[in-house]
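In: Structure, please.
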Amino acid sequence: MSYNFTPLQATSLTRGIIPILIILMVCTISIGCQPNWEENKLSQIVKQNTLRVGIINGPQTYAIGPTGPVGFDYELVSAFGDYLDVTTRIHVYFDHAALQAALQDDDIDIAITGDAVPVQMPTHHQYGPVLYFVNQVLVTAKDAIDITSHTAITVVADSTNQSLLRQQDESNKANIAPSLTMDKREILQRLANNELSATVVDSNTLALMRTRYPQLTIRDVLAQHQKVAWRLHSNKDHSVLAALYEFISQYRASDEFAALESKYFDASAATSTTDMDAMVPQAHHRYQTLIDHFRPLASQLPWQLHAAVAYENDHWQSLDQQVSADLDTLAMTIPARIVGEDRLWMTLAAYFGGAPHLADARALTEQQRGDPDNWIDVKQRYINLSYKRFYRHAKAGVVQGDEVISKVENVGRYYDAMKVLSTPNEKE
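Out: Here you go, the predicted model:
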């Protein structure tokens, strides 16, 4: 079976939404569904000025980035809070069972997993409008052996993928291995390294991960065109659901929804590779322009490093002064005792991954009896913080450590090239 690895994009759902919205709103205000409009769930949220959102920690749902929280779902649900004119309060969860319990106990108003809606939807939950569609695929490494009933299929515990496998395992012979200690990215990474045998994952996540691990191979498509949506508590009050349908309809009609999808689900933008063959000729050709621009802006770090970061960002298309301002600000947050290249690389790690993640990596380094002032030691902990068993105990949560390290190393190569081009009088 052939398969297009481009992430599946959401299609327009505006057709048919208005009739659904009318039905939901009529149900909400009718005597049988909700006796008092002033006491409905939406009114409570507005009165308390707080939308409580539970969300699974992950790069596409919610994570701490270089300048603060990021994630497709985080940005979208924050926009929903703005639409309601209330404060969005995020509660981060690391496993599905705890998130489901919080929703059931009415500790949160919306639960976001990034998972597809189960084929057999639980009666104690209702789901919002469809955000996008995915396929659920069975994946192995290219050189994996044939899949048999003895092949362990590792999936995230309590996820849609686990329930899908159970539903399709009519003979009850599948070797399903649910994991509480790994997220789906780590499972795919370990699968690519031949540490695991197989998994089931959504097509969006696979497409993004295959940019780094092209050996990951689809062996079967278990479910097609599955809906991804947020969960709400199931009761007779549909006021929040009606508002959510109206918001998504309006947001989708704007350009913002498509831009948000492209930002988080475009696999072509998911890699960071060096481009030395193109960089060096540009540096030769534009050298005086670069030195005139960056040297006056650099106060804490060598100007060549500023130029290298700017090239990594957009190949010197904009020469944005904010890059230099951000770098120097972050450099001043690094303890003074950290000097030399350790200081440079840690500043870059804070720039590309966020200062909170650098603090987590240094703290973990110290816990594991490494040197928190040595970049080589700290770099390894960035990898650790990509793994659920580590990031669930970190203050800033998950970080895509391999991507941060890749960007730091890219800039290191560009920086070396810039130094070679510099004359003795221009070294700093």
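In: Surely residue 415 and residue 306 touch.
Out: No - between residue 415 and residue 306 there is no contact under CB atoms under 8 Å: 9.5 Å. (Glycine included, C-beta is placed from N, CA and C.)
In: buried sites along the biggest helix by length in the chain?
Out: Criterion DSSP state H: the longest helix present in the chain is helix 401-421. The neighbour-count check on helix 401-421 (16 or more other CB atoms under 10 Å) flags 401, 403-408, 410-412, 414-415, 417-418, 421 as buried.
In: Tell me how far that helix lies from the chain's centre.
Out: 23 Å (CA atoms, centre = their mean, to the nearest Å).
In: name the helices or strands packed onto it?
Out: For helix 401-421, the packing partners by 3 or more CB pairs under 8 Å, 6 or more residues apart in numbering; DSSP states H and E come out as helix 276-285, helix 303-314, helix 340-353, helix 375-384.
In: Give me the nearest residue to the most centrally placed residue in the chain, chain neighbours excluded.
Out: Against the mean C-alpha coordinate of the chain, by CA atoms, centre = their mean, the closest residue is residue 59 at 1.3 Å. In space, residue 59 comes closest to residue 400 once its chain neighbours are excluded; the distance is 5.6 Å by CB to CB, 6 or more residues apart in numbering.
In: Would you state the predicted confidence (pLDDT) at that neighbour?
Out: As predicted, residue 400 sits at a pLDDT of 89.
In: do the same with the one 5 residues further on
Out: Here the pLDDT value assigned to residue 405 is 94.
In: Next one: it from residue 314, what distance?
Out: Remark: distance between residue 405 and residue 314 (CB to CB, to the nearest Å) = 20 Å.
In: Could you do residue 46 as well?
Out: As for residue 46, its distance to residue 314 is 41 Å (criterion: CB to CB).
In: Just want to know which of the two has more residues nearby.
Out: residue 46 (16 against 11; other CB atoms under 10 Å).
In: Need the CA coordinates for the helix or strand containing the more buried one. PDB is fine.
Out: Per DSSP states H and E: residue 46 is located in helix 41-48. Extracted C-alpha coordinates of helix 41-48, given in PDB (Å, rounded to 0.1, in the frame of the first residue of the first chain):
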ATOM      1  CA  LYS A  41     -20.900  25.900  32.400                       C
ATOM      2  CA  LEU A  42     -20.000  28.600  30.000                       C
ATOM      3  CA  SER A  43     -21.400  31.300  32.300                       C
ATOM      4  CA  GLN A  44     -19.400  29.800  35.200                       C
ATOM      5  CA  ILE A  45     -16.200  30.100  33.200                       C
ATOM      6  CA  VAL A  46     -16.900  33.700  32.300                       C
ATOM      7  CA  LYS A  47     -17.900  34.500  35.800                       C
ATOM      8  CA  GLN A  48     -14.700  33.000  37.200                       C
END
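In: circling back to that earlier point, any idea which of the buried residues of helix 401-421 is closest to residue 240?
Out: Closest to residue 240 out of the buried residues of helix 401-421 is residue 403 (35.2 Å), distances taken as CB to CB.
In: mind checking the SS state of residue 240?
Out: When classified by DSSP: H, G, I helix; E, B strand; the rest coil, residue 240 comes out as helix.
In: who touches it in this structure?
Out: Listed by CB atoms under 8 Å, 6 or more residues apart in numbering, the contact set of residue 240 reads 41-42, 45, 109-110, 232.
In: ok so, going back, surely the residue nearest to the centre of the chain and residue 71 touch.
Out: Yes - using CB under 8 Å, residue 59 is in contact with residue 71, at 6.9 Å.
In: shared neighbours, these two?
Out: Joint contacts of residue 59 and residue 71 (CB under 8 Å, 6+ apart) are residue 264.
In: So which residues make contact with the longest helix of the chain?
Out: With contact meaning CB under 8 Å, 6+ apart, helix 401-421 is reached by 212, 272-274, 276, 279-280, 283-284, 287, 290, 302, 304-305, 307-309, 311-312, 344-345, 348-349, 352-353, 357, 361, 379, 381-386, 427.
In: got the CA coordinates for it in CSV?
Out: C-alpha atoms of helix 401-421 as CSV (Å, rounded to 0.1, in the frame of the first residue of the first chain):
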residue,chain,number,x,y,z
GLY,A,401,16.9,18.0,23.0
ASP,A,402,18.3,16.6,19.8
GLU,A,403,17.0,19.6,17.8
VAL,A,404,18.5,22.0,20.3
ILE,A,405,21.9,20.3,20.1
SER,A,406,21.7,20.1,16.3
LYS,A,407,21.1,23.9,16.1
VAL,A,408,23.9,24.6,18.6
GLU,A,409,26.3,22.4,16.5
ASN,A,410,25.2,24.0,13.3
VAL,A,411,26.0,27.4,14.6
GLY,A,412,29.3,26.2,16.0
ARG,A,413,30.3,25.2,12.4
TYR,A,414,29.2,28.5,11.0
TYR,A,415,31.0,30.3,13.8
ASP,A,416,34.2,28.5,13.0
ALA,A,417,33.9,29.5,9.3
MET,A,418,33.3,33.1,10.2
LYS,A,419,36.4,33.1,12.5
VAL,A,420,38.5,31.7,9.6
LEU,A,421,37.3,34.5,7.4
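In: and the angle from that helix to helix 276-285?
Out: With axes from the mean of the first three to the mean of the last three CA atoms, to 10 degrees defining the directions, helix 401-421 sits at 40 degrees from helix 276-285.
In: Mind splitting this protein into its structural domains?
Out: As given by automatic domain parsing, the domain ranges for the chain are 17-131+229-269, 134-227, 276-426.
In: Are any of the contacts of helix 401-421 buried, and if so which?
Out: 212, 272, 274, 279, 283, 287, 290, 302, 304-305, 307-309, 311-312, 344-345, 348-349, 352-353, 357, 361, 379, 381-386.
In: What count of nearby residues applies to residue 333?
Out: Other residues close to residue 333 by other CB under 10 Å number 12.
In: what does the one 10 residues further on give?
Out: Applying other CB under 10 Å, we find 19 residues neighbouring residue 343.
In: quick one: it and residue 331 touch, right?
Out: Yes - using CB under 8 Å, residue 343 makes contact with residue 331 at a distance of 7.1 Å.
In: For the longest strand that the chain contains, buried residues please.
Out: For the chain, the strand with the greatest residue count under DSSP state E is strand 216-228. Using 16+ other CB under 10 Å as the test for burial, strand 216-228 gives 216-218, 222-223, 226-228.
In: can you pull out the helices in the stretch 151-300 of the chain?
Out: Secondary structure of the stretch 151-300 of the chain, counting by DSSP state H, counting those that start in this stretch: helices at 160-168, 184-192, 203-210, 239-253, 256-265, 276-285, 287-294.
In: If you average pLDDT per helix and strand, which one of the chain comes out bottom?
Out: Between all helices and strands in the chain, the lowest mean by mean pLDDT, DSSP states H and E belongs to helix 17-29, at a mean of 48.
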